[in-house]
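>>> I need the structure of the sequence given here:
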Amino acid sequence: MLSIFCPYCGEYRDETEFHYAGQAHIARPEDPDNTSDEIWGEYLFFRKNPKGEHREMWVHAAGCRQYFNVVRNTLTYEIIECYKMGAVAEGCD
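Residues are numbered from 1 along each chain as shown. Below you'll find the predicted structure:
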């Protein structure tokens, strides 16, 4: 079982208190009214699925209910960093 650090609560908690919420840092189209169906389709349905380091969004569902970002290795499940929404991971591009 993973032990995940909640940057809002400031403590490590069991994975069972959290829910995965998708890929982090997905930018919504700037002009929705003039966005093509192809671009909307990409925004809504296509996500990266890398082997290795990946930025993810999680929610502390059984705790503070805040969303935050996680840098996690998808091969080893190692959590490299947890950081608040709107922040940038320290060691990442």
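
>>> Show the contacting residues for residue 52.
Contacts of residue 52 were listed using Cβ atoms under 8 Å, 6 or more residues apart in numbering, and they are 73-75. Yep, even glycine has a C-beta here, placed from its N, CA and C like the rest.

>>> residue contacts, residue 65?
Contacts for residue 65 were tallied using Cβ under 8 Å, 6+ apart; they are residue 59.

>>> For it, give its distance to residue 8.
From residue 65 across to residue 8, the span is 9 Å (Cβ to Cβ, to the nearest Å).

>>> where along the protein do the helices fall?
37-45 (DSSP state H).

>>> and the spatially closest residue to residue 50 that is not a sequence neighbour, what pLDDT?
Distances taken as Cβ to Cβ, 6 or more residues apart in numbering put residue 74 closest to residue 50, at 6.5 Å, once the chain neighbours are dropped. Per-residue confidence for residue 74 comes out at a pLDDT of 95.

>>> same check, this time on the one 10 residues further on
Looking at residue 84, its pLDDT stands at 97.

>>> Residue 91 too?
pLDDT recorded at residue 91 is 58.

>>> same thing with residue 65?
Residue-level confidence at residue 65 comes out at 98, pLDDT.

>>> Can you tell me which of the contacts of residue 52 is nearest residue 27?
residue 74 (21.6 Å; Cβ to Cβ).

>>> so what's the most centrally placed residue in the chain up against?
The geometric centre of the chain, computed from its C-alpha atoms, lies nearest to residue 57 (Cα atoms, centre = their mean), at 1.7 Å. Each residue near residue 57 by Cβ under 8 Å, 6+ apart is listed here: 20-24, 67-70, 85.

>>> For burial, what's the neighbour tally of residue 51?
By the measure other Cβ atoms under 10 Å, the count of residues near residue 51 is 8.

>>> quick one: it and residue 76 touch, right?
No. In this structure, residue 51 is not within contact of residue 76 by Cβ atoms under 8 Å, at 10.3 Å.

>>> What's the local residue count around residue 39?
Neighbour count for residue 39, taken as other Cβ under 10 Å: 13.

>>> Could you report the pLDDT at it?
Model confidence at residue 39, expressed as pLDDT, equals 94.

>>> what residue of this structure is the furthest out?
residue 34 (27.5 Å).
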